[in-house]
Structures are given as C-alpha cells and as structure tokens.
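A.B. asks: pasting the sequence and the predicted coordinates here, then a few questions.
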Amino acid sequence: MLGFTVAPADADPLDEAREQVETLEMEAAALDQDYAAAQQRLEDAEERLAAKQGELEEQQDKVEGMRGQISRIALAQYQGRHLDPTTRLLMSPDSDGFMSQFATVEKVNDTQNAALQTFQTEQANLADLQRSTEAEVSEIAGSEASMAQARQASEERLAEAQAVLERLTEEERQRIAEQERREAEAAAQAAEAAEEEAAEAAEEEAAEAAEAADTEAADTEQTDAAAPDEPATRQQESDDSDDSAADSSSPTTVSSGSGRAADAVAFAKAQIGKPYGYGSTGPGAYDCSGLTGAAWRNAGVSLPRTSQAQFGAGQAVSVSDLQPGDLVFYYGGISHVGMYVGGGQIVHASRPGKPIGYAPLNSMPVAGARRVG
C-alpha cells in the first residue's frame with residue numbers, strides 16, 4: 001500500500017516545491033559529510049599503509065638475511081644427529097679431549113638455538129606486519145566504496161531536487177531564485193549592521209576608557225599640587241612605587257583567543273560568494289566543515305575534518321552566549337556546521353548549488369555550539 005502526504009488546502013505549491021528542494025539539497029550536503037568522513041579514513045589508512053610498507057620491506061630483508069645462516073645451522077644439526085654424546089665418548093680414544101670439544105660444541109649449540117629462536121620471532125613479526133598491511137588495504141577499499149556510495153546517493157538527491165524544479169514553470173523558478181536572493185541580501189545586511197554596531201561600541205568603550213584615564217590623571221595632578229613637598233628621597237621612592245603599580249596594572253596584550261576568533265571570522269567572510277564544493281576544503285570551494293576547518297586553521301587552530309567530529313572540539317557554549325567565531329551545529333545527526341559572526345548571523349557553505357553566504361542563526365534546527373579558539 002502506497003502512502004501519500006496530503007498537503008493543507010491553502011498550502012502554496014511554490015513554497016512546497018522550495019521546501020522539497022531545500023530538504024533534498026540538505027540531504028545531499030549531509031551525505032557530503034559521510035563522504036568527507038570516508039575520505040579522511042582513506043587518507044589516514046593510506047598514510048599508515050605507506051609507513052607499514054616500509055617496515056614490511058625492512059622486515060622481509062631482515063628475515064631473508066637470516067635465512068642463509070639458519071639453513072647452515074639446520075644442516076649442521078642434521079649431520080650431527082646420528083650419534084649421541086655417550087656413544088661418541090665411548091668411541092673416542094681421547095676422553096679428556098672429547099669432553100673439552102663437547103663443551104665447546106654445547107656452547108655452539110646454545111648460540112645456534114638462540115639464532116633459531118630469533119629467526120622464528122622475526123618470522124612472526126613479518127607475518128604480523130603482512131596481516132596489518134592487508135588490513136590497511138582492506139580499509140582503503142572499504143573507504144573508497146563508502147565514498148562512492150555517498151557520492152552516488154548525494155547525486156540522486158540532487159537529481160530529485162532538479163526534477164522538482166523542472167516541474168515548475170520558468171516564472172516559478174525565477175520567483176524562488178528571487179526569494180533566495182532577498183533572504184541572502186537581508187542576512188548580509190543584518191551581519192553588516194551587527195559589525196558596524198560592534199565597531200561603534202568598541203569605539204565608545206575606547207573613548208570612555210581614555211576619558212576615565214584623563215580624569216584620573218587630572219585628579220592625581222591636583223592631589224600632588226595640594227600636597228606639601230616631601231624629601232627628595234621619599235618622593236623618589238613614591239614615584240618608583242607608582243610607576244611599578246602602573247606597569248603591573250596596565251594591560252599589555254590582547255587575548256589570543258579573541259584575536260584568533262577574529263582571524264577565523266575574517267577568513268570565513270572572505271570566502272562569501274565562493275561555490276559549495278563536494279568534499280572540498282578550499283581554496284576555490286568548500287563544504288560546510290571544510291569552510292569552518294579552513295577558517296580556524298588560518299587562525300592557528302586545527303579542527304577535525306567533518307561536522308560530527310568538529311562537534312567534539314573545544315567546549316560547549318549556549319546559543320545565548322555565542323561569540324563571533326563559535327561553531328554552530330545543525331540537525332539531529334550534526335550533519336551541518338556554520339560559523340557565528342555576530343548579529344544573529346552565521347557564515348556557512350550550505351548546500352550544493354548555493355554559494356557560501358550569510359544565514360540567520362536559527363534558520364535551521366540548532367543541535368549545539370562549540371567554542372574552539
């Protein structure tokens with residue numbers, strides 16, 4: 001039995017079509033994160049395989065180098081196995097000489113046995129390396145298969161979205177495009193207004209701080225003028241004390257965390273207008289986590305590759321306490337991430353077919369936020 005979703009009688013078909021397209025495109029973007037995760041596993045496995053192949057070659061050379069020595073030991077032991085020591089002692093004309101030779105032979109045998117044990121250990125190490133190398137090869141094959149599956153599923157979602165659009169008239173498609181353009185423009189204006197407001201607030205704060213410093217300096221001068229002269233030595237000690245206190249209380253550096261966040265935000269904003277790229281980490285195109293990772297890498301902070309992995313970085317913050325540079329994660333599966341830039345806006349690489357841009361913070365279901373720098 002087939003099931004159908006019955007739309008409300010007053011539903012706008014154009015809104016429904018747009019919602020369908022956005023849902024399919026976001027599903028494609030979520031599959032992109034699956035692709036990115038498989039791609040990361042592939043790169044890690046290839047790196048491990050390269051290292052293990054070098055170890056494997058060294059171990060093979062080591063075992064082969066020991067093989068000739070072990071063959072000679074085995075042959076010597078085979079040739080001397082026929083007569084036991086008691087029989088050889090009875091047959092020897094010189095029992096004292098035989099006992100001396102026997103002690104020497106026993107030492108040789110101990111050395112040979114140790115060599116045999118070492119050879120067996122190295123052979124076991126070689127077998128372990130071979131199995132480990134085969135496991136990495138299997139991991140690579142599995143990752144490649146996962147990437148292909150994610151890519152195919154994503155392309156199917158995009159094809160479905162395109163089919164929805166093709167069922168619309170040209171006028172309807174233009175209306176959707178115009179609506180998206182207006183929304184993007186409104187988000188950009190809101191972000192710019194928030195940036196200007198923050199700059200004005202910073203200027204006011206700096207002006208107030210300067211005014212307070214001037215007032216304090218004037219009060220100090222008046223106090224000094226009203227005070228009786230002090231002996232030179234006491235005055236010098238007082239001046240030195242004042243200088244020391246001023247030095248210790250004056251801020252000399254800006255918070256590195258705040259500076260890094262500003263750098264990350266500036267980088268993310270500089271990418272606005274660039275295309276969404278499937279599994280891309282820049283510089284020409286980005287997926288969602290590729291953009292946030294590149295922005296923070298530019299600021300000196302290394303993040304994991306996918307949105308799900310980035311959700312474990314840094315520390316959790318409340319949406320009400322967001323600061324520019326914080327990462328905001330969306331949907332139950334943490335399939336999307338953007339960077340908060342202030343003013344209730346994020347910058348993100350949203351989905352295939354749509355360039356990097358601003359969006360309202362709550363334009364998608366928020367799953368959480370992290371402060372990473």
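C.D. replies: Received, thanks. Numbering: from 1, shown residues only.
A.B. asks: what's around residue 298, how many residues?
C.D. replies: Here the count is done by other CB atoms under 10 Å, and residue 298 has 16 residues near it. In short, each C-beta sits where N, CA and C put it, glycine included.
A.B. asks: apart from its chain neighbours, what residue comes closest to it?
C.D. replies: Closest residue to residue 298 apart from its sequence neighbours, by CB to CB, 6 or more residues apart in numbering: residue 267 at 4.4 Å.
A.B. asks: what stretches of the chain score poorly on pLDDT?
C.D. replies: Along the chain, the parts satisfying pLDDT under 70 run over 1-11, 73-109, 219, 223-258.
A.B. asks: quick one: the helices in it?
C.D. replies: 13-79, 85-91, 95-166, 170-226, 232-249, 256-270, 288-298, 307-310 (DSSP state H).
A.B. asks: please compute how far the third one lies from its chain's middle.
C.D. replies: Taking CA atoms, centre = their mean, to the nearest Å, one finds helix 95-166 lying 28 Å from the centre of the chain it belongs to.
A.B. asks: what helices or strands is it leaning on?
C.D. replies: Here helix 95-166 touches helix 13-79, helix 85-91, going by 3 or more CB pairs under 8 Å, 6 or more residues apart in numbering; DSSP states H and E.
A.B. asks: how big is the angle separating it from helix 13-79?
C.D. replies: Relative orientation of helix 95-166 and helix 13-79, computed by axes from the mean of the first three to the mean of the last three CA atoms, to 10 degrees: 170 degrees.
A.B. asks: what's the angle from helix 95-166 to helix 170-226?
C.D. replies: Using the same axes, to 10 degrees, helix 95-166 lies at 110 degrees relative to helix 170-226.
A.B. asks: for the residue nearest the centre of the chain, which non-adjacent residue is spatially closest?
C.D. replies: For the chain, residue 304 is the residue whose C-alpha lies nearest the centre (CA atoms, centre = their mean; 1.3 Å). Take residue 304 and drop its neighbours on the chain: the residue closest to it by CB to CB, 6+ apart is residue 310, 5.4 Å away.
A.B. asks: the one you found touches residue 293, doesn't it?
C.D. replies: Yes: the criterion here is CB atoms under 8 Å, and residue 310 meets it with residue 293 at 7.1 Å.
A.B. asks: correct me, but residue 299 touches residue 293?
C.D. replies: No: Residue 299 is beyond contact range of residue 293, at 11.0 Å (criterion: CB under 8 Å).
A.B. asks: neighbour count: the two, which is higher?
C.D. replies: Taking other CB under 10 Å, residue 299 and residue 293 do not tie; residue 293 has more neighbours (27 against 22).
A.B. asks: tell me the contacts of that one?
C.D. replies: 281, 303, 304, 305, 310 (CB atoms under 8 Å, 6 or more residues apart in numbering).
A.B. asks: and if you look at residue 191?
C.D. replies: Residues 341, 342, 343, 345, 347, 358 are the ones in contact with residue 191 under the rule CB under 8 Å, 6+ apart.
A.B. asks: what does residue 30 give?
C.D. replies: Neighbours of residue 30 in contact, by CB under 8 Å, 6+ apart: 331, 333, 335, 336.
A.B. asks: what do you get if the cut-off is 7 Å, keeping everything else the same?
C.D. replies: Neighbouring residues of residue 30 by CB atoms under 7 Å, 6 or more residues apart in numbering: 333, 335.
A.B. asks: shared neighbours, residue 299 and residue 293?
C.D. replies: What both residue 299 and residue 293 touch, as defined by CB under 7 Å, 6+ apart, is an empty set.
A.B. asks: quick check: residue 268 vs residue 203, distance?
C.D. replies: To residue 203, residue 268 is 24 Å away according to CB to CB, to the nearest Å.
A.B. asks: before we move on, the earlier item: between residue 310 and residue 293, which contacts overlap?
C.D. replies: In contact with both residue 310 and residue 293: residue 303, using CB under 7 Å, 6+ apart.
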